[in-house]
Every structure is written in C-alpha cells, then in structure tokens.
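no sequence for this one, just the structure:
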C-alpha cells in the first residue's frame, strides 16, 4: 500500500463515516441512544467510540500516546454529550488527519512508528499498517451502526467500499 492508496482509503473512510453520521442525525435522540446490547451499546456510543479511536491514533502518529484516562475522558457521553458536539470534534480530527497525510512521504509511511498502547505498554508498527487498522476499525463499527439502524426498521445507508467506488466512476 502506498501513499495514494492511503489517501484513497481515508477518502472512502470519511465518505462512509459521513453517511453513518448523517443517518444518525435523522434519528431521534432516543433511537440514537437506545441500548442494542452490543460492544458500545448504542448508535451514539459507537460513533463516539469511532471518533475517539481515530483521535487516539492521530495523537500517536504525531508523537503523543495518550493514556487510557486521557483518551476516554475526552470521548465520553459526559464530555461529548450530543451529536453536534461529536460531529464537530470528529471533523476537527479529520481535518488534522488530512493535514498529517498531506505532509507524509513514502519513506515515512513505510517506517516503523513506536507508540504506547492505552495501557501504557510500548508497541511499534509501520505507519501504513496503523493507518490501515484505523480504516478497518471504522468499517467494523460502521457495520454495527448500519445494523442498529436496520433494527430500528429504517433503511440504513450503503457504506461499503463498492458503493464508494461506483460513485467515483458513475457519470455525473
């Protein structure tokens, strides 16, 4: 995977995350916060987790490895209480990530980048692998959001990569 592939992967991720967020804005707050008994409970909780995880990884890429207490204190339903706040904070992270990617070169992308896990344990992976993980993580949780929307009896957005690619090649 090269830098152009990474740019394309994050363009897709942001497009698909936007569809999920837009679908969430169409729901009542009660439906956004309904507990579906899955990993992050609700649509809102899952979106909050997605944004928080992206923030953690971006911090790592910029040489900071936040501790679990710092990361989760910034991304809780108390500190990020509504969809508008979540959307703004997430978009700020997306903008920061776009800037980070714009300054990358191939050698940095392929280099090992050490970081600390939320537990504080040291780890290291190539930056490209970390970035692929972030995109894959988003795909996993978007699937959960789509499933929860479907359980509400509402047609969810089509967030698969195929729909993004078909959108790119469809005549305008």
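Arrived safely. Just so it is clear, the model here is predicted, and its values are computed rather than measured.

buried residues, the helix or strand of the chain with the lowest mean pLDDT. List them.
Sorted by mean pLDDT, DSSP states H and E, the helices and strands of the chain end with helix 68-74, the least confident at a mean of 76. Across helix 68-74, burial judged by 16 or more other C-beta atoms under 10 Å covers residue 71. C-beta here means a position set from N, CA and C on the backbone, and glycine is covered the same way.

which residues touch it?
With contact meaning C-beta atoms under 8 Å, 6 or more residues apart in numbering, helix 68-74 is reached by 52, 55, 56, 79, 80, 118, 119.

check stretch 133-146 too.
9-10, 12-13, 16-17, 20, 23-24, 38-40, 43, 46-47, 49-50, 53-54, 57, 125, 156-157, 159.

which of those residues fall in helices?
Secondary structure from DSSP state H places 9-10, 12-13, 16-17, 20, 23-24, 43, 46-47, 49-50, 53-54, 57 of those in helices.

picking that back up, neighbour-wise, which of the contacts of helix 68-74 leads?
Neighbour tally across the contacts of helix 68-74 (other C-beta atoms under 10 Å): the maximum, 24 neighbours, falls on residue 56.

I'd say it and residue 118 touch.
Yes. With contact defined as C-beta atoms under 8 Å, residue 56 reaches residue 118; the gap is 7.2 Å.

list residues touching both of the two?
Shared contacts of residue 56 and residue 118, counting by C-beta under 8 Å, 6+ apart, come down to 66, 71.

and the contacts of helix 68-74, which is closest to residue 147?
residue 52 (20.1 Å; C-beta to C-beta).
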